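Asks: here is my input, please return the structure:
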Amino acid sequence: MREKLGFYVCVWFFLYGPCVGRFVVEKNSLKVTSPDSLRDVYECAIGNFGVPQYGGTMLGTVIYPTANQKACKSFSDFDLSFKSKPGGLPIFILADRGGLIS
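Replies: As a prediction, this is how the structure comes out:
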């Protein structure tokens, strides 16, 4: 039994070789067009939730909330709603991440 296991390990190693992996932080840019005081292109990291859509573009309204900026609680606890108008552009919430949870 041990000889078979050793044989299969050797065959697997020679066919597939050692596995090598790496962690890559993908960079992206955020282009702000309004208001004029914030108009610029900002570097940011991508938060991939699900299958990433490489090479795509997203258009919408980015909102920085007046309360719950870290988005650690439900926005309904602060009487905030971010529903877009029917047929309008989607709304993206800009949240501060990292640091201590308050």
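Asks: K73 and V41, how far apart?
Replies: 31 Å (CB to CB, to the nearest Å). Where C-beta positions appear, they are placed from N, C-alpha and C, glycine not excepted.
Asks: same check on L94?
Replies: From L94 to V41 the distance is 15 Å (CB to CB).
Asks: which one of these two is surrounded by more residues?
Replies: Set L94 next to V41 and count neighbours by other CB atoms under 10 Å: L94 wins out with 13 against 9.
Asks: so what's that one closest to, chain neighbours aside?
Replies: Spatial nearest neighbour of L94, chain neighbours left out: Y64 (4.6 Å); criterion: CB to CB, 6 or more residues apart in numbering.
Asks: same thing with Y42?
Replies: Per CB to CB, 6+ apart, closest to Y42 is L30, 4.7 Å.
Asks: and for the one you found, the neighbour number?
Replies: 12.
Asks: hang on, it is in a helix, isn't it?
Replies: No: the assignment for L30 (DSSP: H, G, I helix; E, B strand; the rest coil) gives strand, which keeps it out of a helix.
Asks: all numbers from here: first residue = 18
Replies: New numbering, starting at 18: the last item is L47.
Asks: how much space separates it from P107?
Replies: 15 Å.
Asks: cool, and T50?
Replies: For T50, the distance to P107 - CB to CB - is 16 Å.
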